[in-house]
Each structure stands twice: as structure tokens, then as C-alpha cells.
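K.L.:
how would this look folded up:
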Amino acid sequence: MKVKRKIIQIDEEKCTGCGQCVVACAEGAIRIVDGKARVISDNLCDGLGACIGECPEDALHIIEREADEFDEKAVEKHLESQHKPEPPATMPCGCPSAQIQTFAAATPCQAANQPTATGAPGAALSHWPIQIRLVPPTAPFLKGADLLVAADCAPAAFPRFHSELLPGRAVMIGCPKFDDRKDYVEKFAQVFRTAGLKSITCLIMEVPCCAGLPVILREAMQASGVTVPMEVITVSARGEIIERRKY
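P.N.:
Below you'll find the model as predicted:
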């Protein structure tokens with residue numbers, strides 16, 4: 001049923017597709033389509049404008065027009081469809097994907113005997129799990145760590161991920177677009193309160209949806225009351241570092 005009510009309008013001329021309004025919309029009503037933010041369905045937008053303050057380009061405004069009524073049940077169904085958890089793999093001994101493991105670094109002798117013909121470095125991963133949703137805030141490998149938080153696409157694009165970024169760092173990986181943003185903020189806030197991190201390196205792609213990851217980390221710092229020095233590294237789809245920014 002259409003009624004005359006307040007609703008978000010997005011100026012596509014001003015929108016740069018940065019995605020900050022996407023992560024700010026609790027109803028999941030906004031999505032990046034063809035590089036521009038768009039309201040995907042009128043009945044998902046409550047018209048309250050929580051997303052407006054997140055737009056650096058002043059592209060979002062509230063207008064009043066004929067639109068479908070805001071539908072809370074449709075929002076719940078929409079959010080459930082976005083974040084429906086996958087059934088965990090189970091084994092008689094417990095879930096293998098969430099079992100905490102640390103991998104000892106190579107001894108000087110082992111390092112000296114690694115083949116050098118190809119010049120390719122070995123894997124530098126020092127622990128398991130690595131998915132943000134699976135890493136407990138009290139994981140021992142987080143204590144006093146230099147933490148690398150990476151958008152899950154980035155390691156595939158950045159060829160020096162193992163040689164330059166992983167050594168000496170704990171790592172947490174996830175997707176700020178498809179995973180639950182609020183869960184991420186809560187998880188990192190718990191990590192910041194308990195782990196005593198030394199630093200954070202955030203690795204993201206140049207695509208708009210990745211911009212939400214450093215925003216989530218800053219919100220988690222604010223929620224936790226703990227400030228950790230952070231550097232955000234942005235890489236292109238061709239694996240080149242195009243920006244390094246410190247906070």
C-alpha cells in the first residue's frame with residue numbers, strides 16, 4: 001500500500017559509491033548497484049535518515065513522496081536472508097573450523113634449509129582460525145599482537161600478502177559487505193578491550209564495499225574506549241598498493 005511519507009533520496013550525481021551509507025543502514029535498504037548507492041526497496045527504508053550523516057558527499061536527503069509503507073517484517077526477512085548462517089561442519093571431536101591452533105615459526109635451521117630455487121616464500125600464517133566470526137576475543141594469539149584485519153578479497157589480489165603483511169601479525173579476515181556489521185563492531189570491541197593490541201593494519205580493496213571495514217574498526221574502538229594505532233592499506237584489483245593512510 002502506497003502512502004505519502006518521508007523516505008531517503010540519493011543524488012546519483014553526487015554519489016561516489018563509497019558504500020559508507022550501506023554499512024550505516026541497519027535495515028539493509030541501501031546497496032551499491034553499478035557503482036552508485038540505491039534504495040533497493042521502498043518498504044525497507046524507514047525514512048529516519050540514520051545514513052545521511054555517513055555520506056561525505058551530501059548525496060543523501062530525506063524527501064516526502066508516495067512510497068510503499070515501511071514494513072518491519074519485510075526488513076526482518078530481508079536481513080535474515082542476508083545473514084543466514086551456514087550450518088557448521090561437525091565432527092565427533094568438535095568443529096574443526098573453530099579449533100584454535102598456533103603454528104610454530106620455522107627454526108633458523110628449518111629456514112636455512114628451505115629451497116631457494118624459485119625464490120617463493122613459504123606461508124606465514126601463524127594461527128587458526130582466521131575468520132572474524134570464528135576468532136574468540138580471548139584467543140591467545142591476539143594477546144599483545146600486531147593485528148592484520150583484511151577484507152577477504154584482498155589476499156587474493158595482493159601478491160605479497162604472505163611475505164610483507166603476515167609475518168609477525170595475527171590476522172582476522174572477513175567481508176564488510178556480506179557479513180553482519182553489528183556483529184563485527186561487537187566482536188572487535190571485545191578484542192580491543194581484552195587483547196591489548198599493539199597496532200592494527202587494515203587491508204582493503206579499492207572497491208566501495210571495502211570502505212566499510214575501517215569504519216567498523218573505528219566504531220569498535222569508540223565502543224570499547226580503547227584506541228589502537230591503525231594503518232589502512234588499499235590495494236587495486238591488480239595487486240598494487242594505491243594508498244596507505246594512518247589514523
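
K.L.:
Export only the CA atoms of stretch 229-238, formatted as PDB.
P.N.:
Provided in PDB are the C-alpha atoms of stretch 229-238 (Å, rounded to 0.1, in the frame of the first residue of the first chain):
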ATOM      1  CA  PRO A 229      47.200   2.900  16.100                       C
ATOM      2  CA  MET A 230      45.800   1.900  12.800                       C
ATOM      3  CA  GLU A 231      47.100   1.900   9.200                       C
ATOM      4  CA  VAL A 232      44.700   1.300   6.300                       C
ATOM      5  CA  ILE A 233      46.300  -0.100   3.100                       C
ATOM      6  CA  THR A 234      44.200   0.000  -0.100                       C
ATOM      7  CA  VAL A 235      45.200  -2.200  -3.000                       C
ATOM      8  CA  SER A 236      43.900  -2.300  -6.500                       C
ATOM      9  CA  ALA A 237      42.400  -5.300  -8.300                       C
ATOM     10  CA  ARG A 238      45.800  -5.700  -9.900                       C
END
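
K.L.:
Work out which residue lies at the spatial centre of the chain.
P.N.:
Pro176 (3.1 Å; CA atoms, centre = their mean).

K.L.:
ok, the residue nearest to that residue when sequence neighbours are not counted - how many residues close by?
P.N.:
Excluding its sequence neighbours, the residue lying closest to Pro176 (CB to CB, 6 or more residues apart in numbering) is Gly212, at 3.8 Å. (Each C-beta comes from the backbone N, C-alpha and C, glycine too.) Gly212: 25 surrounding residues under other CB atoms under 10 Å.

K.L.:
just His61 next, same as before
P.N.:
Neighbourhood size, His61 [other CB under 10 Å]: 13.

K.L.:
give me every residue that touches Ala195.
P.N.:
Residues near Ala195 by CB atoms under 8 Å, 6 or more residues apart in numbering: Pro137, Leu142, Lys143, Gly144, Ala145, Leu147.

K.L.:
Contacts only, for the fifth one.
P.N.:
When you say that, I think you mean Ala145. Contacts of Ala145 by CB under 8 Å, 6+ apart are Arg169, Ala170, Ala195, Leu197, Lys198.

K.L.:
Likewise for the second one?
P.N.:
Taking CB under 8 Å, 6+ apart as the criterion, Leu142 is in contact with Val135, Ala170, Val191, Thr194, Ala195, Leu197.

K.L.:
Distance check, the fifth one against Ala237.
P.N.:
Using CB to CB, to the nearest Å, Ala195 is found at 32 Å from Ala237.

K.L.:
just checking, Lys36 touches Glu12?
P.N.:
Yes: Lys36 is within contact range of Glu12, at 5.0 Å (criterion: CB atoms under 8 Å).

K.L.:
okay, these two: which has more neighbours?
P.N.:
Shown here are Lys36 and Glu12; by other CB under 10 Å, Lys36 has more neighbours (17 against 12).

K.L.:
Can you name the residues that contact that one?
P.N.:
Neighbouring residues of Lys36 by CB under 8 Å, 6+ apart: Ile10, Glu12, Cys15, Gly17.

K.L.:
again, only using 10 Å
P.N.:
Applying CB atoms under 10 Å, 6 or more residues apart in numbering, we find Lys36 in contact with Ile10, Asp11, Glu12, Glu13, Lys14, Cys15, Thr16, Gly17, Ala59, Pro208.

K.L.:
Which SSE is immediately downstream of the helix or strand bottoming out on mean pLDDT in the chain?
P.N.:
Within the chain, no helix or strand scores below helix 108-112, which has a mean of 53 by mean pLDDT, DSSP states H and E. Next helix or strand after helix 108-112 toward the C-terminus (DSSP states H and E): strand 127-128.
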